[in-house]
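K.L.:
sequence plus predicted model, see below.
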Amino acid sequence: MKKKAFYILIIFALIFTVVPRVNAQCAMCTINAEQGVKNGNTQAAGLNTGVLYLLAIPYLLFTAVGILWYKKYRKKNVHLNMKSRPINMN
């Protein structure tokens with residue numbers, strides 16, 4: 001079973017390391033980015049800033065949800081029944 005899981009892990013690693021080049025940008029965004037660079041416009045910088053915002057927002061949301069979940073569901077007022085006498089570790 002461990003051998004099979006190891007082979008599957010290797011196959012997934014190889015699949016994700018060999019990525020074909022794709023052009024997944026819409027025509028309007030491509031033209032704006034190319035013309036902005038050629039003409040010295042700030043549209044290309046604005047496009048890059050927008051991409052960074054789109055990239056950062058999901059991470060911020062997951063972090064906020066994780067913090068709220070941790071604070072809401074962590075144990076509070078837990079009473080431990082420990083002996084009051086000192087423990088001898090010899």
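P.N.:
Now that the structure is in, tell me what you want to look at. Everything numeric here is computed off the predicted structure, so don't read it as measured data.
K.L.:
what about Y70, distance to Y59?
P.N.:
Look at Y70 and Y59: by Cβ to Cβ, to the nearest Å, they are 16 Å apart. Where C-beta positions appear, they are placed from N, C-alpha and C, glycine not excepted.
K.L.:
need the contact list for R74.
P.N.:
Residues counted as contacts of R74 (Cβ atoms under 8 Å, 6 or more residues apart in numbering): none.
K.L.:
spatially central residue in the chain, please.
P.N.:
Y59 (5.5 Å; Cα atoms, centre = their mean).
K.L.:
element containing it?
P.N.:
Per DSSP states H and E: Y59 is located in helix 43-73.
K.L.:
and if you look at A5?
P.N.:
For A5, the host element (DSSP H and E) is helix 2-17.
K.L.:
tell me the average confidence for that helix?
P.N.:
Helix 2-17 shows a mean pLDDT of 82.
K.L.:
just the buried positions in stretch 30-50, please.
P.N.:
Buried residues in stretch 30-50, defined by neighbour count with 16 or more other Cβ atoms under 10 Å: 32-33, 36, 44, 47.
K.L.:
distance-wise, check K4 relative to I10.
P.N.:
Separation of K4 from I10 (Cβ to Cβ): 11 Å.
K.L.:
what of I57?
P.N.:
Taking Cβ to Cβ as the measure, I57 and I10 are separated by 34 Å.
K.L.:
show me how far the lowest-mean-pLDDT helix or strand in the chain is from its chain's centre.
P.N.:
Across the helices and strands of the chain, mean pLDDT, DSSP states H and E gives its lowest value to helix 27-39, namely a mean of 71. Centre-to-centre, helix 27-39 and its host chain are 29 Å apart (Cα atoms, centre = their mean, to the nearest Å).
K.L.:
then that helix to PDB, C-alphas only?
P.N.:
The C-alpha trace of helix 27-39 is given here as PDB (Å, rounded to 0.1, in the frame of the first residue of the first chain):
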ATOM      1  CA  ALA A  27      -7.300  40.000 -25.700                       C
ATOM      2  CA  MET A  28      -8.200  43.300 -24.100                       C
ATOM      3  CA  CYS A  29      -5.800  42.800 -21.200                       C
ATOM      4  CA  THR A  30      -3.000  41.700 -23.500                       C
ATOM      5  CA  ILE A  31      -3.400  44.800 -25.700                       C
ATOM      6  CA  ASN A  32      -3.500  47.100 -22.700                       C
ATOM      7  CA  ALA A  33      -0.400  45.600 -21.100                       C
ATOM      8  CA  GLU A  34       1.600  45.700 -24.300                       C
ATOM      9  CA  GLN A  35       0.600  49.200 -25.300                       C
ATOM     10  CA  GLY A  36       1.100  50.500 -21.800                       C
ATOM     11  CA  VAL A  37       4.700  49.300 -21.800                       C
ATOM     12  CA  LYS A  38       5.400  50.700 -25.200                       C
ATOM     13  CA  ASN A  39       3.900  54.100 -24.600                       C
END
